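>>> can't give you the sequence, but here's the structure:
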């Protein structure tokens with residue numbers, strides 16, 4: 001055994017009749033460490049019986065007392081097999097609390113892991129929609145309130161009341177929320193019981209492994225979501241904007257103060273309900289998270305980081321707070337709903353929304369204060385109450401938001417606490433069926449409040465992470481001109497290989513038609529690659545939509561095969577008409593979707609555009625083609641195709657950049673229109689067939705436009721894919737018709 005000071009214990013001097021009260025062994029020998037508790041206690045009694053006679057008559061000597069202390073420590077801290085442990089799950093007795101510590105599903109998991117028995121108090125899960133029959137079917141024993149506390153390990157959510165602490169067994173273990181900084185009387189009561197207490201609220205939130213056990217984040221996630229639901233319940237309008245026959249309904253404006261777990265959950269819920277969401281947080285890391293969820297991030301003029309310990313925000317300077325309050329005063333006059341989540345660990349919640357700010361909001365506005373239990377961020381907040389202000393605003397101060405979704409909350413908390421329990425021991429010992437409080441486990445040590453009645457909270461500060469290794473020094477480049485021989489040789493060999501492969505394909509070409517098609521395919525591939533390469537990621541979907549619309553030129557094949565007059569006369573002509581309609585749907589819908597997507601990305605400070613002026617070159621192209629046809633110049637059709645093709649390629653190129661994307665949409669529309677009109681004019685068919693083709697184009701284009709105009713903005717990417725399938729359909733039926 002190696003003797004070490006246990007964390008948190010004062011070092012005292014070893015005198016003639018004095019021992020180090022906190023000097024205890026760190027067990028290095030696995031055989032000794034794995035002694036069963038009954039065997040270790042027997043060893044303790046046996047050791048007492050072998051004390052010297054003088055020690056038994058006048059009290060043990062210092063050495064004998066030290067020996068007993070070591071043996072007793074081994075007895076109380078040796079790993080305990082799951083098969084010797086009984087778990088207790090009392091019903092939560094805090095007023096309004098509906099959650100339960102573990103669910104029937106987790107009961108099965110823990111019994112399967114090897115625990116001897118799980119005692120669940122009768123009715124513990126009823127408020128969370130988990131019946132006693134479900135617990136019994138999972139293998140739990142249904143007991144009364146007192147019996148649930150007479151277990152080896154008690155699992156709870158809320159801190160126990162003082163009378164409940166009295167029900168615990170001597171040296172029992174309790175895993176629950178404790179909040180030791182504000183529950184000193186409870187901690188003293190548990191000390192007297194020599195209890196080992198693990199606080200679920202004390203788990204280090206910055207420890208990567210502990211994220212699975214972090215019930216505070218799980219409950220904050222639910223609280224943020226439920227805060228938006230409560231706000232919607234008390235708000236007198238829709239969250240989403242609507243345009244109806246009865247009039248236009250503007251979207252609600254929501255301000256979320258604090259971008260932690262609860263704040264991000266509130267952002268996601270409010271955005272999904274169609275609201276305009278704004279976010280304020282003192283931590284710069286929240287900016288990108290908020291923007292990625294579609295929220296506007298608000299800032300003040302003063303640059304100051306709000307990053308604190310444990311992932312929380314820190315208290316800001318006086319100058320920053322003044323600028324912050326000015327921002328809130330302005331925002332209160334604009335927004336409809338405020339959800340505030342600002343907390344500073346160990347301190348009263350900061351007052352951010354003064355009563356006069358609330359009074360300046362529109363009547364019917366709703367404010368939800370998630371910091372109500374710690375004093376509140378909003379001037380009118382009353383814990384556990386809904387306050388209607390004199391000017392008609394509603395301030396919600398519920399402190400039990402997770403409990404208002406009891407089934408979901410219980411499920412997540414149950415997963416957190418069970419995984420934490422099952423890690424206590426196996427993480428460091430490697431044995432999956434033993435429980436032990438191990439100081440080498442950072443998650444357990446951080447959450448440990450009492451160990452056999454001895455205070456262990458707060459945990460010692462974690463050691464600072466090792467500094468990252470210094471980056472290797474860049475190799476100094478030789479002075480003088482750089483020699484490009486290697487890169488040039490690689491490029492030359494690549495070009496040689498490509499040229500040789502193309503010549504080889506030409507050598508085995510079966511006929512000139514194949515060679516001609518290969519040439520067009522190769523040039524189109526190179527042109528497409530060079531055009532699309534480097535496109536901004538945000539424009540991928542609009543670019544795909546425009547390319548789909550351009551692919552709608554498959555309508556040309558159907559137009560050439562059309563016939564039979566106003567109504568197709570045979571199956572081939574019917575398939576040709578179907579190809580024209582499908583292609584027109586793709587054209588009309590593709591350009592409409594692209595325009596909607598680009599409008600979605602438009603910012604207030606973007607330049608004022610006048611892309612409607614591109615109707616001038618479009619009209620010039622069609623007029624030039626018409627004049628050429630009237631004068632009998634047949635080659636004007638080929639020239640029109642060339643211009644249309646160039647415009648389509650230019651459209652794709654323009655869509656690679658945000659500033660030219662709308663121009664690209666206009667050029668693509670002109671190019672496709674020119675190609676369709678030129679083909680229509682060159683059909684040389686009867687008036688009935690002309691009417692059929694024009695009607696098919698008009699009907700398909702109108703249908704595509706209407707679908708794309710009405711679909712939800714979030715479904716536009718899926719609709720692009722759906723339209724793309726129409727191109728394949730048009731190509732297939734055209735081939736069959738031919």
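Here it is on my side, so go on. Quick caveat: nothing in here was measured; it's all calculated off a predicted structure. Numbering: from 1, shown residues only.

>>> Torsion angles phi and psi at residue 450?
The phi/psi pair for residue 450 (degrees, to the nearest 10) reads phi -130, psi 140.

>>> That one pairs with what?
residue 197, residue 455 (DSSP bridges).

>>> Am I right that it is in contact with residue 191?
Yes: at 6.2 Å, residue 450 counts as touching residue 191 under the criterion of CB atoms under 8 Å. From N, CA and C alone the C-beta is placed, and that goes for glycine too.

>>> need the next SSE after whatever helix or strand residue 639 lives in, C-terminal direction.
Of the helices and strands defined by DSSP states H and E, residue 639 is found in helix 636-654. Proceeding N to C from helix 636-654, the next assigned helix or strand is helix 661-681, under DSSP H and E.

>>> Check which residues of the helix or strand just after that following helix are buried.
With elements assigned by DSSP H and E, the helix or strand that comes after helix 661-681 is helix 687-710. For helix 687-710, the neighbour count (16 or more other CB atoms under 10 Å) marks 689, 690, 692, 693, 696, 697, 700, 701, 704, 705, 707, 708 as buried.

>>> Closest to residue 214 out of those residues?
Closest approach to residue 214 among these (CB to CB): residue 708, at 43.8 Å.

>>> Show the contacting residues for the closest one.
588, 589, 590, 592, 593, 596, 716, 719 (CB atoms under 8 Å, 6 or more residues apart in numbering).

>>> Now the fourth one. Nearest residue, chain neighbours left out?
Spelled out, it's residue 592. Distances taken as CB to CB, 6 or more residues apart in numbering place residue 708 nearest to residue 592, at 3.8 Å, with adjacent residues excluded.

>>> Which pLDDT value goes with that neighbour?
In this model, residue 708 is scored at 85, pLDDT.

>>> Tell me how far it lies from residue 725.
Note on residue 708: its distance to residue 725, by CB to CB, to the nearest Å, is 15 Å.

>>> what's the answer for residue 341, then?
The value you get for residue 341 to residue 725, if CB to CB is used, is 45 Å.

>>> Got phi/psi on residue 124?
Residue torsions, per degrees, to the nearest 10, at residue 124 are phi -60, psi -30.

>>> wait, it sits on residue 97?
No: shown here, residue 124 and residue 97 do not form a contact pair, counting by CB under 8 Å, at 11.0 Å.

>>> neighbour count winner among the two?
residue 124 (26 against 16; other CB atoms under 10 Å).

>>> Helix, strand, or coil at the nearest residue to the more buried one once chain neighbours are set aside?
Residue nearest to residue 124 in three dimensions, not counting chain neighbours: residue 91, with 4.0 Å by CB to CB, 6+ apart. At residue 91 the chain is in coil, as set by DSSP: H, G, I helix; E, B strand; the rest coil.

>>> you'd agree residue 91 is up against residue 128?
No: Residue 91 lies out of contact with residue 128 (CB under 8 Å); the separation is 10.6 Å.

>>> Which residues are in contact with each of the two?
By CB under 8 Å, 6+ apart, residue 91 and residue 128 have these common neighbours: residue 100.

>>> Who are the packing partners of the longest helix that the chain contains?
Longest helix in the chain, counting residues (DSSP state H): helix 571-601. For helix 571-601, the packing partners by 3 or more CB pairs under 8 Å, 6 or more residues apart in numbering; DSSP states H and E come out as helix 540-551, helix 555-561, helix 661-681, helix 687-710, helix 716-737.

>>> May I see these arranged in a markdown table, with distance to residue 328 as well?
Formatted as a markdown table, those follow (distance: least, CB to CB, whole Å):
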| stretch | distance to residue 328 |
| --- | --- |
| helix 540-551 | 37 |
| helix 555-561 | 57 |
| helix 661-681 | 37 |
| helix 687-710 | 39 |
| helix 716-737 | 35 |
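
>>> Lowest mean pLDDT across those, which one is that?
Going by mean pLDDT, the lowest-scoring of the helices and strands packed on helix 571-601 is helix 540-551, which has a mean of 70.
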